[in-house]
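Colleague: return atomic coordinates for the entry below.
(chains A and B)
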Amino acid sequence: MTALLELRDVRAAHDRITVLHGLDLSVAAGQVVALLGPNGAGKTTALRVVAGVHPVASGQLLLGGRDVTGADPRRLARAGVCLIPEGRGVFPNLSVRDNLLMMTFTGRSREEVEETAFARFPILAKRASQAAGTMSGGEQQMLALARGLATDPAVLLLDELSMGLAPLIVGQLYEHVAEIARQGVAVLVVEQFAAAVLGIADHAAVLVRGRVQRQGHPDGGLRAELSALYLGSSA
Amino acid sequence: MTSTETRADRFVSELAVLKIPDPAAARAGLWLRLGAALMALGLVLVVSAYFISHNTGDQLVQNDALTLGLTGVAASVVGSALFLRYSLTGFLRFWMARQSYDLTLLADRLLERDIRHDLTGTDAAPR
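Modeller: The predicted structure is shown next:
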């Protein structure tokens, strides 16, 4: 399976503080890769680097086998890189329908966008005229996912999907993510709460202080090591 | 686009035609423009200084005009140096590519002639 997304020895910094110290990671089409780690490990920065919104200090970002380091994030987004940021990124004062309308910038019609969104998340059809900010957290996250899917992504980047949601809702959302991946989308998920994503992930990497401490198939061994890595005992 | 083409295939082909600006090239362009701007600014300052000094009898104003004129000369010199440095880089890069291409052509021609000479035992063309 060829990698649709690849990070090679990527280093990135916030001002003068280096956050990523040579990150190597790859995601193939149809694969779900979980990037786990405690607060401040550099997970969100890694996602922002892939989306092209955070500069790479050194190393390479490859998409579809091509080195796109330094490419304009708008061009990457148009090509099919979709970042769903932490905090959902929906417009709370706009209705669900208007939130979806915002995604017609990709050239797809309003009907097409709504059809795709409502087919995957039927609850959104019922809430079409409701202000997004008045919906439950889970429904807002569904709207965020629907908005992302409206761009017809090839690479989907999810930042803390489970943030502030009940475990049951998180489980349902990750079922949707697994379904999206089965359609050939490369999915990179950043999560602080590992249990939520490990059930669907094909591969997991644990990032501690900007370095991958452990990666592999999310089997029992990796799960067992996670708590130790989070607490820093083996870092 | 064919019906069998997956999203991943489309993604790869879209990225293949994606234009990625070389950050170093952008910087060189910036220096080149800055050099040209400094040259122009220097000339403007020198001409202004000339008119200021000739339209007054006040020695203090003339001293200011002198300073302005010298600043203009300095700006022009620095601007010219920058412009020359970065325009020469572009020209030399092109010249080197051309040289490299010519040398490759020459090497190919010589190689071809030597092979022909080895096969026939005679020179196909005068050296």
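Colleague: what's residue A:40 sitting at in phi/psi?
Modeller: phi 80, psi 10 (degrees, to the nearest 10).
Colleague: next: residue A:156.
Modeller: Backbone torsions for residue A:156, taken as degrees, to the nearest 10, come to phi -110, psi 130.
Colleague: now do the contacts for the closest residue to it other than its chain neighbours.
Modeller: In space, residue A:156 comes closest to residue A:187 once its chain neighbours are excluded; the distance is 4.7 Å by Cβ to Cβ, 6 or more residues apart in numbering or on different chains. Every residue, glycine included, has its C-beta placed from N, CA and C. Residues counted as contacts of residue A:187 (Cβ atoms under 8 Å, 6 or more residues apart in numbering or on different chains) are A:27, A:31, A:32, A:33, A:155, A:156, A:157, A:158, A:177, A:180, A:181.
Colleague: before we move on, which element is residue A:187 in?
Modeller: Element membership for residue A:187, per DSSP states H and E: strand A:186-191.
Colleague: using PDB, write out every CA atom in that strand.
Modeller: Extracted C-alpha coordinates of strand A:186-191, given in PDB (Å, rounded to 0.1, in the frame of the first residue of the first chain):
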ATOM      1  CA  ALA A 186      -6.300   8.500   4.300                       C
ATOM      2  CA  VAL A 187      -7.200   9.500   7.900                       C
ATOM      3  CA  LEU A 188      -4.800  10.900  10.400                       C
ATOM      4  CA  VAL A 189      -6.400  11.400  13.800                       C
ATOM      5  CA  VAL A 190      -4.800  13.300  16.700                       C
ATOM      6  CA  GLU A 191      -6.200  12.200  20.100                       C
END
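Colleague: can you list the strands that it pairs with?
Modeller: Sheet pairing of strand A:186-191 (DSSP bridges) gives strand A:32-36 (parallel), strand A:155-159 (parallel).
Colleague: and for the last one, what's in contact with it?
Modeller: Pointing back at strand A:155-159 there. Residues outside strand A:155-159 that contact it (Cβ under 8 Å, 6+ apart) are A:4-5, A:27, A:43-44, A:47, A:50-51, A:63, A:80-86, A:148, A:177, A:180-181, A:185-190, B:11.
Colleague: do that again at 6 Å, thanks
Modeller: With contact meaning Cβ atoms under 6 Å, 6 or more residues apart in numbering or on different chains, strand A:155-159 is reached by A:4-5, A:44, A:47, A:50-51, A:81-86, A:185-190.
Colleague: return the distance of it from the chain's centre.
Modeller: Centroid separation for strand A:155-159 versus its chain: 2 Å, with Cα atoms, centre = their mean, to the nearest Å.
Colleague: what comes up buried for the helix or strand just after it?
Modeller: Under the assignment DSSP H and E, the closest C-terminal helix or strand after strand A:155-159 is helix A:167-182. By neighbour count on 16 or more other Cβ atoms under 10 Å in any protein chain shown, the buried set for helix A:167-182 is A:169, A:170, A:173, A:174, A:176, A:177, A:178, A:180, A:181.
Colleague: and the second one, how far from chain B?
Modeller: To tie it back to what came earlier, the one meant is residue A:170. To chain B, residue A:170 is 26 Å away according to Cβ to the nearest Cβ, to the nearest Å.
Colleague: residues contacting the closest residue to that residue other than its chain neighbours?
Modeller: Once flanking residues are discounted, residue A:170 sits nearest to residue A:162: 4.2 Å by Cβ to Cβ, 6+ apart. By Cβ under 6 Å, 6+ apart, the contact set of residue A:162 is A:170, A:193, A:196.
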